[in-house]
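Trainee: Need a 3D model of the following:
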Amino acid sequence: MTVLNPGNEGGDVLKTRFMGARFRDEIRALLDRGEEVRIDFSNVGAVSHSFADECFGDLFSEFGADLFRERVHLASANKGVRAVLRLVFADRQSKEAA
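Mentor: Numbers count the residues shown, from 1 in each chain. Reported below is the predicted structural model:
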């Protein structure tokens with residue numbers, strides 16, 4: 001399993017779609033090689049909806065909820081980060097159901 005810490009690369013606030021796309025592409029490359037990925041949010045204070053949607057929302061839609069949850073492990077996220085991620089995943093699931 002590969003561990004990535006977005007706070008080490010993007011600072012303690014992850015906030016742009018551009019940054020989300022860069023991080024998404026890094027995760028996708030690992031997933032395409034069959035790896036599992038652990039995202040360590042311990043150095044992240046906040047994420048914007050745009051970053052989370054561009055990065056994690058796109059991967060969630062691309063790989064599907066079950067495969068995403070099996071291969072992407074989100075760890076050490078604070079309450080605010082978890083809330084934004086839940087919102088993004090719920091939004092993506094509702095769009096897929098429509």
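Trainee: partner residues bridging residue 46?
Mentor: Here residue 46 sits in beta bridges with residue 13, as judged by DSSP bridges.
Trainee: I'd say it and residue 6 touch.
Mentor: No: between residue 46 and residue 6 there is no contact under C-beta atoms under 8 Å: 11.6 Å. C-beta: built from backbone N, CA, C; applies to glycine.
Trainee: quick one: which of the two has more around it?
Mentor: Set side by side, residue 46 and residue 6 give different neighbour counts by other C-beta atoms under 10 Å, the larger being at residue 6 (23 against 13).
Trainee: before we move on, the earlier item: overlap of the contact sets of residue 46 and residue 6?
Mentor: Common contact partners of residue 46 and residue 6 (C-beta atoms under 8 Å, 6 or more residues apart in numbering): residue 14.
Trainee: would you say residue 44 is within a strand?
Mentor: No: if the criterion is DSSP: H, G, I helix; E, B strand; the rest coil, then residue 44 is coil and not within a strand.
Trainee: Based on its surroundings, how many neighbours for the nearest residue to it once chain neighbours are set aside?
Mentor: Computed as C-beta to C-beta, 6 or more residues apart in numbering, the closest residue to residue 44 that is not its neighbour in sequence is residue 7, at 4.2 Å. For residue 7, the neighbour count with other C-beta under 10 Å is 18.
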